[in-house]
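A.B. asks: Sharing a model prediction with you, sequence too.
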Amino acid sequence: MIDIKNKLVKREYEEVNKNNLLDKKSFERSVANNILLKRGLTFTNKSILLLITFILMSILMLQFISSVGITPGRTTLNFEPGLSAEVPFSIVNTENKDMSVVFAVRGELANYITLNSAYSEFSSTENSKSFSYNINLPVKFEKPGLHEAEIVAMEMPKDIKETGAFVGATVSVITQLYVYVPYPNKYIDGDLNIIEAGADEKTIFLMPVINRGKLNIVNAKVVIDIYTSLNEKIITLESNPISLNSLERKEIVVDWESDVNPGKYLAVVTIVYDNEILKLEKEFNVGELVLEIEEVIVKDFELGGIAKFNALVQNKWSEDLKDVYLNILVYNDEGEIMADFKSPTYDINSLTKAEMVAYWDTAGISTGTYEGKLILKYGDKSTDRNIQLKITEYDIEILGVTGRVSVKQSSNFNINNLLVILLVFLIVANIVWFVVVKKILKKKK
Amino acid sequence: MNKMNNKKLTGLEKNILIAEAVFVFGILIYLFFFTGPNQIFPFQGMSIIEPDFVFQIENGEKVMLSVDKEFTNPIELGQDSEILLPPGVYYWKAVGFLRESEVRSFTIQSHVGLNLKERKENYELQNAGNVDLEVTKTNGDKENFDLDVGDNLEFEKSEFKIEGSEVSSDLHLPSVINIEGEQK
């Protein structure tokens, strides 16, 4: 059995939890420090200290996390005259805490919506709760297209009913209701999704299209023009034509062998349908925004002096990169950062190499092997690589700069494979027996 | 030729051959009926709102994932692959040696989530859901801004109202697929 993780937005939860943990730790530390301090003090001082501790504790306990989630974020319906429906949604107690949620409805369709609940209380053990609202649409809308409503869920303290009012910051989440009234003619609504690829791989253009008109569309096709960042058209791609019935949704997929330099490109998409057009455009990247560290050397080094790190860095991107700098971290045996030094910022032209210099004062550093990290920062991105620094009296050797990723293969050996091997062996043994051994025996006779 | 050979088979040879034939056919039947790739989780037609879930298969080597039933542009996922899936309907199957499971579908429901955390001097607002949000901050004046999945923003401490709603396209489909692990 194999498991493949779907890693969505867990990071945020983990970070929040981590922050909570840090807060808790600092809180515990402050209490512990206070206990240590108290031991050597007089009763009066103790009272003052207790009072300070109490105030500190109160302040720390005031740290309030407001968090609430709602799903789905949107419900979409196609209009039908006099449509009545019950629409479900759920409130997610993301931080598993005691809270209240107050509901409200607003927007153009508010008059057609009845909430089945206006208030609900959550305990810390309730992860989510289901709710619903009813819609009763009119027989006709004058205007075709999108009509909206919003169901707002506002998080409140659990005792809001008793206290009656709340002053402070409040957080609300919204589940939307979209009702599409068909256009009397042919009307395409579309979106452009691009699955980016590395250089020399396929870039995939995914275009979901929906006919929001009452008339069927006989012929719809997509033309994609791709431009460089200098606005030069490099290729035009075209999809096969499709038909689209009224309110039907289809996906048009076009792929492109991106045999171009890594960089930023623009896709201008024209959806042509029965003499009408819809234009969409989106920027996308081919290849990674990559700076590669080719080597790092330290020359003329003497322990206790200033070490000069020379790093040779290649810009593999098709655009110039500005304000690039190198950051080197060195860890001690306990895994703590014992040195953190940076190079000045550099501008590295497209597809060129540059030498970056960073200095480290090694006063007080002993000989030995240290773990470290090389971080290249550019724009809002960074590349990092774990390294080892072998420091001797007159040399710093840096290992791991040209490391490569190795893929671990899992073992496929199991009972089924054993059976297949046995089966193949038996078949071969029988062939040998029938063809070879029998022939030999026959000849002998 | 075979017939001639068969005529010359001794009783022991015949018994060995029959035993072998039974064994071979038994294995073939077992391999055919009981060792095909099988999907365990997510279940057929399931709606998923949790931010973290795991594909579970047996007798298979990889998972094929697609946004259409025809698997026009499938994504292959192997052991330990991780993938970021935006809300939408997905089709998937387990693939083993020469064989595939049936096609199943599941839906990732959009989830609008906001976390407000009190920092030392500021409030920090985090998009904790799986869709990009349009956030409105009301503090006397109204202020609108976008908050993408995973992003956070800091505000000065004050009394205010924050509202978040989904801004993604109404044609839910993967807008960005990031694969950490293997992509073939």
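C.D. replies: The structure has been received and is ready for your questions. Nothing here was measured: the structure is a model prediction, and the numbers come from that model. Numbers count the residues shown, from 1 in each chain, chains lettered A, B, ... in the order given.
A.B. asks: Check what pLDDT residue 50 gets.
C.D. replies: Going with chain A. In this prediction, residue A:50 carries a pLDDT score of 58.
A.B. asks: sorry, should have said chain B
C.D. replies: For residue B:50, the model assigns a pLDDT of 68.
A.B. asks: same question, residue A:246
C.D. replies: 92.
A.B. asks: If residue A:280 is in a bridge, with which residues?
C.D. replies: Here residue A:280 sits in beta bridges with residue A:269, going by DSSP bridges.
A.B. asks: What's the per-residue pLDDT of the closest residue to residue A:201 other than its chain neighbours here?
C.D. replies: For residue A:201, ignoring the flanking residues on the chain, the nearest one in space by C-beta to C-beta, 6 or more residues apart in numbering or on different chains is residue A:258 at 6.1 Å. Quick note: C-beta positions are derived from backbone N, CA and C, even for glycine. What the model reports as pLDDT for residue A:258 is 83.
A.B. asks: In this structure residue A:258 contacts residue A:286, no?
C.D. replies: Yes: the pair residue A:258 and residue A:286 passes the contact test of C-beta atoms under 8 Å, sitting 4.5 Å apart.
A.B. asks: Contact partners for residue B:144?
C.D. replies: B:134, B:135, B:136, B:137 (C-beta atoms under 8 Å, 6 or more residues apart in numbering or on different chains).
A.B. asks: Now list the buried members of those residues.
C.D. replies: B:135, B:136, B:137 (16 or more other C-beta atoms under 10 Å in any protein chain shown).
A.B. asks: Reformat those as a markdown table; add distance to residue A:438.
C.D. replies: Below are the buried ones among the contacts of residue B:144 laid out as a markdown table (distance: C-beta to C-beta, whole Å):
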| residue | distance to residue A:438 |
| --- | --- |
| B:135 | 83 |
| B:136 | 87 |
| B:137 | 89 |
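A.B. asks: rewinding a little: torsion angles phi and psi at the residue nearest to residue A:201?
C.D. replies: Per-residue torsions, residue A:258: phi -80, psi 70 (degrees, to the nearest 10).
A.B. asks: Next, count neighbours for it.
C.D. replies: If you count neighbours by other C-beta atoms under 10 Å in any protein chain shown, residue A:258 ends up with 22.
A.B. asks: how close does it get to chain B?
C.D. replies: 14 Å (C-beta to the nearest C-beta, to the nearest Å).
A.B. asks: for residue A:372, same thing?
C.D. replies: Distance from residue A:372 to chain B, by C-beta to the nearest C-beta: 24 Å.
A.B. asks: State the separation between stretch A:193-206 and the centre of the chain it belongs to.
C.D. replies: Here stretch A:193-206 is found 18 Å from its chain centre; the criterion is C-alpha atoms, centre = their mean, to the nearest Å.
A.B. asks: Contact partners for residue 109?
C.D. replies: Picking chain A for this. Applying C-beta under 8 Å, 6+ apart, the residues near residue A:109 are A:135, A:137, A:147, A:148, A:149, A:177, A:179.
A.B. asks: Can you look at chain B instead?
C.D. replies: Here residue B:109 is in contact with A:71, A:72, B:47, B:48, B:49, B:87 (C-beta under 8 Å, 6+ apart).
A.B. asks: what does the stretch 251-400 of chain A put close to chain B?
C.D. replies: Residues of the stretch 251-400 of chain A found near chain B (C-beta under 8 Å from any C-beta of the partner chain) are A:251, A:253, A:255.
A.B. asks: Which segments of chain B make up each domain?
C.D. replies: Following automatic domain parsing, one gets these domains for chain B: B:2-34, B:38-110+B:175-180, B:114-166.
A.B. asks: Of all those domains, which one is nearest residue A:317?
C.D. replies: Among the domains of chain B, the nearest to residue A:317 by C-beta to C-beta is domain B:38-110+B:175-180 (18.9 Å).
A.B. asks: quick one on the thing from earlier: quick one: which of the contacts of residue A:109 is most hemmed in?
C.D. replies: residue A:177 (24 neighbours).
A.B. asks: Quick check: it vs residue B:131, distance?
C.D. replies: 16 Å (C-beta to C-beta, to the nearest Å).
A.B. asks: same question, residue A:218
C.D. replies: To residue B:131, residue A:218 is 34 Å away according to C-beta to C-beta.
A.B. asks: Those two: which is more packed in?
C.D. replies: A direct count of neighbours by other C-beta under 10 Å for residue A:218 and residue B:131 places residue B:131 higher, at 26 against 12.
A.B. asks: Do I have it right that that one meets residue B:168?
C.D. replies: Yes: when contacts are counted by C-beta under 8 Å, residue B:131 is listed as touching residue B:168 (5.1 Å).
A.B. asks: joint contacts of those two?
C.D. replies: Counting by C-beta under 8 Å, 6+ apart, the contacts common to residue B:131 and residue B:168 are A:73, B:86, B:87, B:110.
A.B. asks: OK, contacts around the first one?
C.D. replies: For residue A:73, the contacting residues are A:174, A:175, A:176, B:87, B:110, B:111, B:112, B:129, B:131, B:165, B:166, B:168, taking C-beta under 8 Å, 6+ apart as the criterion.
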